[in-house]
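Participant: Just need the structure, nothing else, for what follows:
(5 chains)
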Amino acid sequence: MDFFNAHILTIIAFWPLVGMFALLLIPKESKNAIRWWANIVVLIGFLISLPLWFQFDVSKAGEMQFVEDAVWIPALGAHYHVGIDGISLLLIMLTTLIGPLAVLSSWDAITERTKEYYAFMLMLQTGMIGVFMSLDFFMFYVFWEVMLVPMYFLIGVWGGPRKLYAAIKFFLYTLAGSVLLLLGIITLYFQYPQIASTHPEIAAQFGAAPTFNILAFQAMGPFLDANLQWWVFLAFFVGFAIKVPMFPFHTWLPDAHVEAPTAGSVILAAVLLKMGSYGFLRFSLPILPSGTHAFVPLMVGLSIVAIIYGALVAMMQPDMKKLVAYSSVSHMGFVMLGMFALNPNGLNGSIIQQINHGISTGALFLIVGIIYERRHTREIAQLGGLSSVMPKYAIVFLIMTMSSIGLPILNGFIGEFPIVLGALEANLWWAVAAGAGIVLGAAYMLWLYQRTMFGKLDNPANQNLLDMNWREMATLVPLIIMAFWIGLYPKPFFDRLNAPVSRLVETLHKSAPDMHAQEDRR
Amino acid sequence: MVATHHYLILAAALFTIGVIGVLTRRNIMVILMSIELMMNAVNINLIAFSDRLHQVTGQVFAIFVITVAAAEAAVGLGIVIAMFKNKETMNVNELDLMKW
Amino acid sequence: MSFLDLIWLIPLFPAAGFVINGLFGKRMRKSVVGTIACLAVLVSFVFALGAVTELARLPEHERSHTVNVYQWINAGAAEAGAEGHAEFNVQWGFLLDPLSSVMVLVVTGIGFLIHVYSTGYMAEEDGFYRFFAYLNLFMFSMLTLILGSNYLMMFIGWEGVGLCSYLLIGYYFLKKSAGDAAKKAFVVNRIGDWGLSIGIMLIFVNFGSIEFTQVGEAVRESLAMGRFHIGDMVFVSIALALFVGATGKSAQIPLYVWLPDAMEGPTPVSALIHAATMVTAGVYMVARSNWIFQAAPQAMAVVAVVGALTAIFAASIGIVQNDIKRVLAYSTVSQLGYMFLALGVGAFTAGVFHLMTHAFFKALLFLGSGSVIHALHHEQDMRRMGALKNKIPITFWTMFIGTLAIAGIPGLAGFFSKDEILWRAFSSPHGHILLWAVGALAAGMTAFYMFRLIFLTFFGESRVDHHTEHHIHESPKAMTIPLMVLAAGSIVAGWIGLPKWLLEMGGGEGPSFFDRWLEPVFEPLPGLAEAAAEHHGVGLEVGMAAVSVAIALIGIYLAYSTYYRKSDRADRVAASVGGLYQALLNKWYIDELYDALFVNRAKDFGRFLWRFDARIVDGAVNGTAVGTKDGARGSSWWDRWIVDGLVRAVAGLIKVASVPVSFIQTGYTQNYALIMILGVLALVGYVLWGHP
Amino acid sequence: MLELILFYIFAVIAVVSAVLVITQRNVVHSAVSLAGTLLAVAGIFLTLHAEFLAGVQVIVYVGGILVLFVFVIMLIALERSLTERQFHRQGRIALVTCAILIVELAYGLYKGKDTFPPIPGETAAAGFNLSQNSQRVGEALYQNYLLPFEIASILLLVAIVGAVALAKRKTEVEE
Amino acid sequence: MGQFFQLQDLQVIIPELELAFFGMLLLIADLVIPEKKTIGWFALIGIGGSAFSLYKLFGREATLAYGGAIVVDSLAWFFKLLFLVAAAITILLSMRYLEVEREHHGEFYSLILFATMGMMFMASAMDLVTLYIGLETMAIATYILVGFLRGNQRSNEASLKYFLLGAFSSAILLYGFSLLYGFSGSTRFLEIGNFLGSAPPDNPILLIAVVAVVAGLFFKIAAVPFHQWTPDAYEGAPTSVTGFMSVAVKAASFVMIWRVLFFIIGPMRPYWIPILTVACILTMTLGNIAAIAQTNVKRLLAYSSISHAGYVLIGFIAGNETSFSRMGMAAVPLYLLVYTFTNLGVWAVVVALRRKNILGERIDDMNGLFFRHPASAILMLIFLLSLAGIPPTAGFIAKYYLFAAAVQSHHNVLAVIAVINAAISAFYYLRIVVAMFMNNATETTGMDLSAGVRITLAAAFVFTLGVGLYPGPIIELAYRAISLQ
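Facilitator: Predicted coordinates for the structure are as follows:
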C-alpha cells in the first residue's frame, strides 16, 4: 500500500501499458476475452485513479502533489519527474473516465483486428495520462509524441472510407507542430543555465545545470528576454495550436473525426485536443508570460474566428459527425478565448470548459456512433424522426445537446459563462463576439437535433431501429451524471482550480507590459 | 627553374581535360582513361610540390596514387567486363535501368 | 421552520414531479401522471402562499428574504466593482421579496389551473406523461427564474424556460412546422440571452456582485459616492444589454417573431408559457433591475418606445389574423408591449400590475380558445367557426369576460392596469403625449380584434363543416372549472391596484395596496426622488381614462359593425386596402426579411466557409487532387474557376517543385558527374568571390 | 631556361595528347594518345628531379595500366561503338561548364602564384641523382609511410580478388 | 622520423590486422570449403575476434602510431566498433540472401572484411596518404560488392555508375589533397592544420584545395549535389550490401569528414560553415522530397539515407562556430550509431522479403506484412518510427541531439528547416506503415526468417527501444568518442 501511495501516478500511467502487454498474450481468436480484458484494464485504471481525487490536498491545489522524481538521462538532465496540480488532476481524471467509456463503446463496433485495436487503445491511454502528469519537458515531449502512433493506427485501420488520408493528415499535422514545439523546448533548455547563473534563488532551488524541469522553467519564465519569449511562444504556439486545433490549423480535425472509429473520435475530442490547451496552460502561459502578452491579440483573434467559423461551418454540414467535429473547433475556440483573457474567470472557465468539452463532445460522438452502428450512415438527411423509435436515445441526445450549447444546470454553462465573463473583463467586444458563437451554437445543435429526432419517421430504413441497449447506456450515463454534477455543483472543480489559476495569473500580471496598457485594453 | 605555378596550371589543364572527357564521352573506356588523366594531373602537382619543397613526400604520395590508379583500373575493367557479359554495350548512356 | 426559509423547496416540487413523470410516467396511468403533476404545482402554490403570507407580516422594509442553499460557482477573483476585486462567487440562492411574491403567486396559481385544465385537454394525446413532465420542468424553471436570488440563478430559469418552451412547442414533433417553430423560438431567444448574459457580466464587472440585493445597494452607493452618475454609459449599456434579453424572452421588436410561431404547441402551453408566465420574464427582469434602468434614462426611453411600437405593431397584425391562437399571440405581444411601455416610463408598479392582470385574462382567453379548438377537433381557423355561443356556453361566457377585461372595460382587471399605464405614459417624467396616443390607439385596436374574435367565433352563421358540427360539445369539468376561476380572477384581480383617484373618491387612501406592496422594491434612486414628484390634476387623469375607454368602445363598435352586422364588410375593406391587408396578413413580412437578411446569409456564409475549408485551407496543405474532385461537383462558376483553380495551382506548384528533383535524377551517369562539377564550380565561385 | 623549354615541350605534348584522348573516335587511338600524355608527364617528372617516379610512371602506367586498357578494348572489341554518337547530349553544357572551371582554376592558381616562391637550399642543380632519389623515396616509404604501404598491399589484393570475382567467365545464374 | 615501426605500433592495429588476416584466410578457405555459409560464420568469428581486440583497446589513451600516420583515440574506437557491428550484421543478412540471389561466394565475406578494415584505417588516419589508401580500400571493395550480382543488369549498372562517379570524385578529392600537401609541405593532419592556422586563409589556391576536398567528401556522404549516385547504386546493389553502404560506408565517410574538417581545414571554418549549411539544407530537403515519390523501398531508403546524411551535417555545423558545441560533436557519432542499428533493422526486413522469384523491393510487396508476419511488421514499424525520429525510439534521442546542437549554436533557421524536414520524412515512412498494416496482402507466401535476420532484428530492436528509453550509456559513449581520449 505504501508502494502504491508513493508511486500512484506512475502506476496510473503505466497500468494500461502493462495491461496491453498482458493483452498481447491472449490469442487473437478469442475476441471476447480480449474485449473483457481491455475493459477490465481500463476500468481498473479508472478505479485506481480515484484515490487521486480524494487524496489530493485541495488546500495545496496550486502546488505539485504526488511528485516522483528520478534521473532518467543524466547527460541531458532529463528526469522521470511526475506530479499533478489541480489542473492536471482534472484532466487526468477526465482521461481515466473517458478511457473506459470509449473502450466499452467499441464492444460491438470493432469486429476486425480486435486485439490490435484494444492494444492501441491501452497504449494511447498511457500516453495521454503521461502527458498530463509530466513535470519534465523532455518526458512530456516523449509522451506527447508517443500518442501519435496509436491514434494514427486507430484512425488508419479502423476508420471510415478515407481513413488513410485522414490518418496521415492527422499524423503529419500534429508531428509538424510538435517538432517545432521541440525546438522551443530546446531553446528553453539552453536558456536555463544562463538565467540560473544570474538568479541565485532559482539556481538554489533547481540547480545551475541545464534542466528540463518544468517548474524550473516556470520559475525562470519572468526573467527571460522578451524577444526570445516571442519566438519560443511562436514555436509552442504552432505545436499546441495544431493540437487544439486553433483556426487556421484545424482542417485535420474534421477529417480525422469523420474517419476515426467512434472510440477514436471520443478520445480524440475528449482528451487529445485538451493536450493542446493544456500545453498552453502549463507551458506557454507561465513560462513565457511576456510572450503571452504579446500574442494575446493574435490568440484572441484566432479564437474568436474559430468560434464563429466553426459554428457557421458546422451549421452547414450534412454529416452528423462532421458537424460535431466542427462544433469542437468552435468550443475549443471558447477554451482558448477564456485562457487568453488572462484573468481568473477566463482561465477557470477555460479549464472547466476543457472538461466539459470532453464530456459533451465525447458523449455526442458516442451518440453519433450509436446511430452509425445501426444505420451505417451519418447523413443527417437519411435520419429524421428517430425520437419515435428511440425515445431513450432522444432524451440522452437532448441532454447532451443542451450541455453542448451551454444550458444552465448542465456543465457547458459553467464553462462558458466564466469564459465570456473573463473575456468581457478583458475587453467588452471579445465577449460580444463570443456571444455570437453561443447563439450560433444553439442554432446548429438544435437544427441537428430537429432534423434527426423530430419530424416524421419517413425513411423506411429507420423504422425498426433498436433503442439503446444497456451497454450503450452504460457508456453515456456516467457522462450525463458528470454533466449534471458540473452543472449543479461545480465547486469541487473550482476549488481545485482556483489556486493554480491564481498562481498563473500572478505570474502573468507581474510581466504585463505595463499596467496602463492593461487598463486601456479594458 | 620553372616556377611552381606553371606546373599547377598544366595540372589544372590536364585535370579539366579529364573532366571534360568524363562529362562528354559516351564510351566507358574513354571515361576511364579520362579519369587516369585526372589522376596524372594530381601527380604532376605532387611532384612539382615535392621538387619545390626539396622533399620526397610528394613522390611517395604519387606512388600511392599510381597504385590506386592501377587498382581502380583493374576493378573498373572487371566491372566493365561483368556488365558487358549481360549487356553488349560500351555506351554509358545505355545504363539507365535505374533513375528518378 | 417557517415557509420563508423553505422557499428553496418551491421549485423543487415541480422538479420532483418532472423526475417522477419523466422516468416512470410511461408506465403509469394517465390519471396518476396528471395527479402527480398537478399536485406538485399545488404544493408549490401552498408553500408560496405560506411564504408570502409570512413575508407580508414582516415590517415593510424587511420584506426581503434570501435563502442560500449552497455555493454554486466559485470561479475565483476578478477585477471588478468599486473595490477593484471581487470573487465571482455565485450562490444557489433564492430571494422572496414583494416583487417575486407577486410573480410566484401568479405563476403557481395560474400554473396550477393550467395543469388542471391540461389533464382534460391532453387526455387523448400520446405522450401524456411527456407533456406533464415538460410542464413540470417548466414550472421548476420558471420558479427558479423568479425566485433566484441573483442574476445567474435567474439565468438558469431563463434558459430553462427557453428549453421547456422548445420542448413543448416541439411537442408535436412529427409536424415539421412544430419542430421549426421550436428551433426558431430557442434560437431567437438565444440572441436575447446573449444580450442578457453580457448585461449580467457587465453588472458583475462594474458592481462586483450579481446578487440582486447587493447590486441594488451597489448602484445606490456608487451614485452616492459619485463613482457613477445617472445617465452614465455604464448604466445605459447594461440596461440596453439586459433589454436585449428582455426583447427576446418577452417577444418585443425586433425579436418577437418566434412567439406567433410558437402557437404550434398545445394550447395549454400557449396559455401557460406564451401568455401568462414565461413571456413576462422579460418584464420581471427589467422590473427586477429597476435601479439600473432608473439610472439610465436613455435606455428607459428606448424601452418605452420599443414597448409602444410593439404594442401597436403587433395589434395591427392581430387585426387580420384568421387563426384564433395567432390573434391571441399577437395580442400577447401587444400587451407585453404595454408592459414595457410602463417600465420604460418608470411605472414599474404599473407594468407589474398589468403583468398580473394580463396573466389572468390572457390565460383565460387562451384556455378558452383551447376549449373552442377542443370542441371543434383541432380546428383553429376562425373562418370555419361561428355561432358557437350556445353550443359551448361556459366557454363563451368566460371568454367574453376575458375579452371585456382585455378591451379595458371599466371595472374589470384590464381596465385598471391598462389605464394606469396610459396615464403614466403621459404623466411620468419619462412619459410623452405621443406614447400615450400610441398606447390608446393600440388599446382601440385591441378592443377591435378581440371582439372580432368573439364575433367570428361565437356569433353569426356557423361555418363549421358538417362532420364536426355534430360532435361539438362543451369541454369537461377539468377544463371549464379553471376557465371559471380565471374569469373570476379577470374581474377581481384589478381591484387590488385601484387608481389613487378612485380610492380617494371611494373615501379610501391612496396609493393602492398593490402600489404600497411593491414600493420597497421600486424605491426611486436618490437623485430621482424629487423629479418623480411632478403633479397633474386628478381631473386630467380621469379625463384621459375616459378617452381611452371611449377609444376602446369605438373599437368594439367597429368590430361589431364589421363582423357582426355586416359580415361582408370585412372583405370589402380588405379589398380596398389590398396592399396593406396583405402586408398585415403576412405580418409585415418580417420573417421573410429576417430570413433574407440574417438566417440565409448566415447559412450561405457557413456554406462558403465550409467550402473554403475543404478547398482552400485543405487544398493549400495537401495539394492533392482530392479537393479538385469534390470541387467538380460545385455548380457555380466561381467554384469551378476560382476555388478549384487555386487548388490546381497549388497542386501544380508542388509538381513544379518536384520537377528539378526528377530532372536531375536522370539515370545517366554523366549527368550526375556534370551536376557534381557544377557543384564544384559553384563552390569555387563562392570561395573565390562569394565569400565576404 | 632549358628547363622551361623542356617543360613547355612536355606540357604541349601532354595537353595535345590529352585532348586527343577525349576526342578520338576510335578507342584504340585514344589509348595511344593516353600513352603520349603519360610519357610526357614522365618527362615532366624527370625535369622535376623525380627520376624514380618517372620510371614508375612509365612502367606501371604505360606498361601496366595502359596495356590492361588495350587488352580489355581488344577483348570486347565493339564495332558498334565506332559508329555511335561519341559525345553525350550534354556535351555543350559540359564544355561551357568546364570552360568556366578552367577559368576559375586558372584565375585562382594565377592569383595565388606567389604562394609558392622558390625555396632556397638544396637547389635543383645540386639535386640528387637517380639512386639518391630512389633511396630517399624508399626510406620515406618504409618509414613514414609504412602503414599506408601495407594497406596498399591489401588494396591491391582487393582489386585482384574483385577483378577476378567480377570477370569470371561463368556466373551461377548462367549455369 | 627515422625509426622503423615499433611493437606498440603493431599493438594498436591488431583489430585491423585480424580482419586482414581473416580476409585472406577466407580466400583460402573458399577454395576448400564448399558450404559457403560456413565461410560466413568464419567471417563472423573474424569480426568477433577483431571486436574483442578492439574491446581490449578501450580506455587506452590516445596514441599516435607509425610516426603519426594513424591515431588510436576514442573517436576511432567508437567508429571502429560501429563498422564491426555493421559488418557483422551485413554478413548475417547476406548468408541467406546471397543464396537466394544465387551468387554465394567466399570472396563476398573477404571483401566485407577488407572494406571494414579500410574503414577502420580511415577512422584512425592522421595522414592524407593513410586516409586516401584506407578510403580507396573501402571504396574499391564496395564497388565490387555492389556489382556482386554479376548476372543482374541492375547490379552491373549500379556498380559501374558507382565506380565511375566514385573514381571521378576521388580524383577531385585527391586534387585537393595534392594542393594541401603542396601548401603545407606535409601530409600529416596535425602539421597541415598547424600550418593553415598560421597562413592567411584567403589564399585562392588554398581555397580551391578546400573546395576540392569538401566536394570529394560530399560525394562520399552523398550530400546534395553530389548525391545522385546514391539511389541508383543503392537500388542495384545486393540488398545486404545496400545496408552496409548506407550505414558503414556512410559512417566511415563521416569520420573522414570529421578528421578533415576539424584537424586539417579547421582554421578555414568561416568558409566551409556556409557551404556545409547550404549543403545540409539541400540534402535534407531534397532527399525527403524525392523520397516521397518513390515506389521502390530500396530507392526510398536511399533517398532517406541522403536526408539523414543531411541531418548529420548539422552536427558538424553546430559543432563549431562561435561556441564549441560539444553537443553537436557528440550528436554525430550518436546519430550514426543509432542510424546504424535502426537502418540495419529496416534492411533486415527488406532482405527477408527477398525470396525466390519475389523481388520484395516495391512498397506494394510490403502489403499486409502485418498479417503475414506480425513480428517483423511491428519491428519494422519501430525502426521506421526511429528513422522518423519519434519517441521513445533511439532515433528521437539522436535527432534531439542534432536539433539541440543547432539551437545551442544559434542556427535557428537551420533548426527549423531540419525539424520540418523531420516531419516531412514521416510522410514516406508512413507509406510503408500503411502498406504493412492497412493494406491487404497481395501475396500470401509465408515468410520464414533466416537466423541471421532474426538476430539482426532482435539486436536492432533491443538497441532502438533500449536507447530510446534509457539512452544514458550510449550518450556517454558518444561523448567519450568526441573527447578524443
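Participant: can you tell me which helix or strand the closest residue to chain E within chain B belongs to?
Facilitator: Scanning chain B for proximity to chain E using C-beta to the nearest C-beta identifies B:Phe49 as nearest, at 3.3 Å. Where you see a C-beta, it was placed from the backbone N, CA and C, and this is true even at glycine. Taking DSSP states H and E as the definition, B:Phe49 sits inside helix B:28-53.
Participant: name the helices or strands packed onto that helix?
Facilitator: helix B:4-24, helix B:57-86, helix D:2-23, helix D:27-47, helix D:66-75, helix E:153-184 (3 or more C-beta pairs under 8 Å, 6 or more residues apart in numbering or on different chains; DSSP states H and E).
Participant: For the residue of chain B closest to chain E, which non-adjacent residue is closest in space?
Facilitator: Nearest residue to B:Phe49 in three dimensions, chain neighbours excluded: E:Gly182, at 3.3 Å (C-beta to C-beta, 6 or more residues apart in numbering or on different chains).
Participant: Say whether chain C is contacted by stretch A:406-416.
Facilitator: Yes - using C-beta under 8 Å from any C-beta of the partner chain as the criterion, contacts between stretch A:406-416 and chain C involve A:Leu407, A:Pro408, A:Ile409, A:Phe413, A:Ile414.
Participant: Might you report the residue contacts of the third one?
Facilitator: Right, the one you point to is A:Ile409. Contact partners of A:Ile409, counting by C-beta atoms under 8 Å, 6 or more residues apart in numbering or on different chains, are A:Phe484, A:Gly487, A:Leu488, C:Ile156, C:Gly160.
Participant: Quick check: the gap between the fourth one and chain A.
Facilitator: If I follow you right, that is C:Ile156. Here the criterion is C-beta to the nearest C-beta, to the nearest Å. By it, C:Ile156 lies 4 Å from chain A.
Participant: and the next element down the chain from the host helix or strand of that residue?
Facilitator: Using DSSP H and E, C:Ile156 falls within helix C:151-169. Downstream of helix C:151-169, the next assigned helix or strand under DSSP H and E is helix C:176-207.
Participant: how about that next one against chain A, any contact?
Facilitator: Yes - with C-beta under 8 Å from any C-beta as the criterion, chain A is reached by helix C:176-207 at C:176, C:178-180, C:182-183, C:186-187, C:190-191, C:193-195, C:197-198, C:201-202, C:204-205.
Participant: For residue 85, which non-adjacent residue is closest in space?
Facilitator: Picking chain A for this. A:Pro500 (4.7 Å).
Participant: I was after chain E.
Facilitator: Closest to E:Val85 by C-beta to C-beta, 6+ apart is E:Thr340, at 6.4 Å.
Participant: Can you give me the neighbour number for residue 173?
Facilitator: Since you didn't name a chain, this refers to chain A. 22 (other C-beta atoms under 10 Å in any protein chain shown).
Participant: not what I meant, chain E
Facilitator: E:Leu173: 26 neighbours (other C-beta under 10 Å).
Participant: So it sits against E:Val210, correct?
Facilitator: No - counting by C-beta atoms under 8 Å, E:Leu173 sits too far from E:Val210 to count as a contact (11.6 Å).
Participant: Leaving out sequence neighbours, find the closest residue to the one residue in the stretch 401-522 of chain A that gets nearest to chain E.
Facilitator: Here the stretch 401-522 of chain A gets closest to chain E at one residue, A:Ser511, 23.2 Å apart by C-beta to the nearest C-beta. In space, and not counting its chain neighbours, A:Ser511 is closest to A:Pro289: 3.9 Å by C-beta to C-beta, 6+ apart.
Participant: my read: the one you found touches A:Lys510, true?
Facilitator: Yes - using C-beta under 8 Å, A:Pro289 is in contact with A:Lys510, at 7.0 Å.
Participant: Mind listing the shared neighbours of these two?
Facilitator: A:Pro222.
Participant: Which one's more surrounded, the two?
Facilitator: More crowded of A:Pro289 and A:Lys510, by other C-beta under 10 Å: A:Pro289, with 26 against 11.
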